[in-house]
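Undergrad: Turn this into a model:
(one chain, ligands or ions: 1)
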Amino acid sequence: MTEEIAIEQLKHRHLLGLADYDAEEIRLILRTAREMRTVLDRPIKRVPSLRGVTVVNLFFEASTRTRISFELAEKRLSADVVNFSASGSSVSKGETLKDTAQNIEAMKTDVVVIRHESPGAPHFLTRWIDGVVINAGDGAHEHPTQALLDLLTIAEIDIASHPRLAEFDFSGLSVSILGDITHSRVARSNIYGLKALGAEITLCGPRTMMPVEVEQLGVRVTDRLDEALEGCDVAMALRIQLERQSAGLFPSLREYHNRFGIRLEHLERHPDLRIMHPGPVNRGVELASEVVDHERSVILDQVTNGVAVRMAVLYLLSGGSGSAVGK
Ligand code: CP
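TA: Numbers count the residues shown, from 1 in each chain. Predicted structure coming up:
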């Protein structure tokens, strides 16, 4: 850890994004997640930390990883869990987000985890309910728990030239984020989190997929994959949203793969490069299939760490401090 004195409690009440979380808070979550990770390796993967706390998972958008890992995290902490999907609910009869959330909270729930297609939906909820709100992905805005699990995964990588990664000090680490930056909540949250921990970031993708304000993000930008991979320690490929092709942002999936996809030849040329992807992967588009399954891909480590990070976030936002996991 750097010189700072470690804090034991979060300053925020909610996790809406990483834009306003500082390095201290991010490191507290990551330290706590590392402890939580030990629970997942025990024969009985459960601690009583959230006994008596009721968590509602409000998912208005499709999800596999985030939804399952939040539910697992809640159950590992002994919380009571309620799952809500927009399909089959009164949302299909026209009920608003505000009314849905207020009605659920009237049943005496404590924490809402929300995924919604509209940027700002979690912030909106904090105006109308008293409970803790956790953003599980809001449109193209932020996906903070994804970035936190990415940071934890990077901290576990053994890179000789960066011996302080395990202390969550990413000074000088080179991370390239590849793909559709404009529409990626994963990219945005990772930029905030990686910068807070000291990493150097390169964004690479078609110019049509770069936000207009990109220079203000304090990152390097290129549309050449070779440049992005030169000296890069970790390459984070983003999912191409296939519907974007019809919007004309890139000519074809084959062309995208040829220009921006990581293939075996890139791993051979860059022998220390590690590969990340938030999922779901379009095999043969962002990453060649052999790269997804390669020993230098840490994609499944990201998924495992997702449970630990979500346990940490739930624990800390529910008022936890100090050790959560006992012996
Ligand atoms: N990474 C991620 O958010 O995946 P899901 O959409 O499956 O939750």
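
Undergrad: Just say helix, strand or coil for the spatially most central residue of the chain.
TA: By CA atoms, centre = their mean, the chain has its centre lying nearest to Q146, at 0.8 Å. Applying DSSP: H, G, I helix; E, B strand; the rest coil to Q146 yields a three-state assignment of helix.

Undergrad: What of the one 5 residues further on?
TA: What three-state DSSP gives for L151 is helix.

Undergrad: what about it, distance to E142?
TA: Noted for L151: a distance of 14 Å to E142, by CB to CB, to the nearest Å. The way it works is simple: take the backbone N, C-alpha and C, and place the C-beta from them, glycine included.

Undergrad: was I right about T32 contacting S318?
TA: No: the pair T32 / S318 is not scored as a contact, 11.8 Å apart, by CB atoms under 8 Å.

Undergrad: Quick one: name the residues of the protein near the ligand.
TA: 63-67, 137, 146, 278-280 (CB under 6 Å from any ligand atom).

Undergrad: Could you identify the buried members of these?
TA: Neighbour counting over these (16 or more other CB atoms under 10 Å) leaves 63, 65-67, 137, 146, 278-279 as the buried ones.

Undergrad: domain ranges for the protein?
TA: Here the domain parsing of the chain from automatic domain parsing is 23-142+304-320, 158-297.

Undergrad: For those, give me TSV that also has mean pLDDT.
TA: Converted to TSV, the domains of the chain look like this (pLDDT from 0 to 100):
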stretch	mean pLDDT
domain 23-142+304-320	94
domain 158-297	94
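
Undergrad: right, and these - which one's nearest L10?
TA: Between L10 and these, the shortest gap by CB to CB is with domain 23-142+304-320, which sits at 4.9 Å.

Undergrad: starting at the chain centroid, how far to that closest one?
TA: Its chain's average C-alpha position is 13 Å from that of domain 23-142+304-320, according to CA atoms, centre = their mean, to the nearest Å.

Undergrad: cool, and stretch 189-203?
TA: From the chain centre to the centre of stretch 189-203 is a distance of 13 Å (CA atoms, centre = their mean).

Undergrad: contacts for that stretch?
TA: By CB atoms under 8 Å, 6 or more residues apart in numbering, the residues outside stretch 189-203 that reach it are 17-19, 21-23, 26-27, 142-144, 146-148, 150-151, 168-177, 181, 187, 210, 214, 217-222, 227-228, 232, 236.

Undergrad: Could you pull out the helices in the stretch 1-150 of the chain for me?
TA: In the stretch 1-150 of the chain, the helices defined using DSSP state H, counting those that start in this stretch lie at 23-40, 65-76, 97-105, 121-126, 144-155.

Undergrad: Please identify the deepest-packed of the ones you listed.
TA: Greatest average neighbour count among these goes to helix 144-155 (a mean of 27), per mean count of other CB atoms under 10 Å.

Undergrad: Please compute how far it lies from its chain's middle.
TA: Centre-to-centre, helix 144-155 and its host chain are 6 Å apart (CA atoms, centre = their mean).

Undergrad: Going by contacts, tell me the helices and strands next to that helix.
TA: With contacts taken as 3 or more CB pairs under 8 Å, 6 or more residues apart in numbering; DSSP states H and E, helix 144-155 sits against helix 23-40, helix 65-76, strand 132-138, helix 185-197, strand 274-276, helix 299-317.

Undergrad: repeat that with 6 Å
TA: On a contact count with 3 or more CB pairs under 6 Å, 6 or more residues apart in numbering; DSSP states H and E, helix 144-155 meets helix 23-40, helix 185-197, helix 299-317.

Undergrad: helices or strands up against the first one?
TA: Translated: helix 23-40. helix 144-155, helix 185-197, helix 299-317.

Undergrad: So what angle separates the directions of the first one and helix 23-40?
TA: So the one you mean is helix 144-155. 80 degrees (axes from the mean of the first three to the mean of the last three CA atoms, to 10 degrees).

Undergrad: now do the second one
TA: Between the axes of helix 185-197 and helix 23-40, defined by the same axes, to 10 degrees, the angle is 110 degrees.

Undergrad: Can you name the element that comes right after helix 185-197?
TA: strand 200-204 (DSSP states H and E).

Undergrad: At which residues are the strands of the stretch 151-300 of the chain located?
TA: 174-178, 200-204, 220-222, 234-237, 274-276 (DSSP state E, counting those that start in this stretch).

Undergrad: Distance to V298 for those - can I get that in TSV?
TA: Output for the strands of the stretch 151-300 of the chain, formatted as TSV (distance: least, CB to CB, whole Å):
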stretch	distance to V298
strand 174-178	13
strand 200-204	18
strand 220-222	23
strand 234-237	8
strand 274-276	6
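
Undergrad: what about the helices and strands packed on helix 144-155, which gets the closest to P163?
TA: Going by CB to CB, the one of these nearest P163 is helix 185-197, 14.6 Å.

Undergrad: tilt between that closest one and strand 200-204?
TA: Going by the same axes, to 10 degrees, helix 185-197 makes 160 degrees with strand 200-204.
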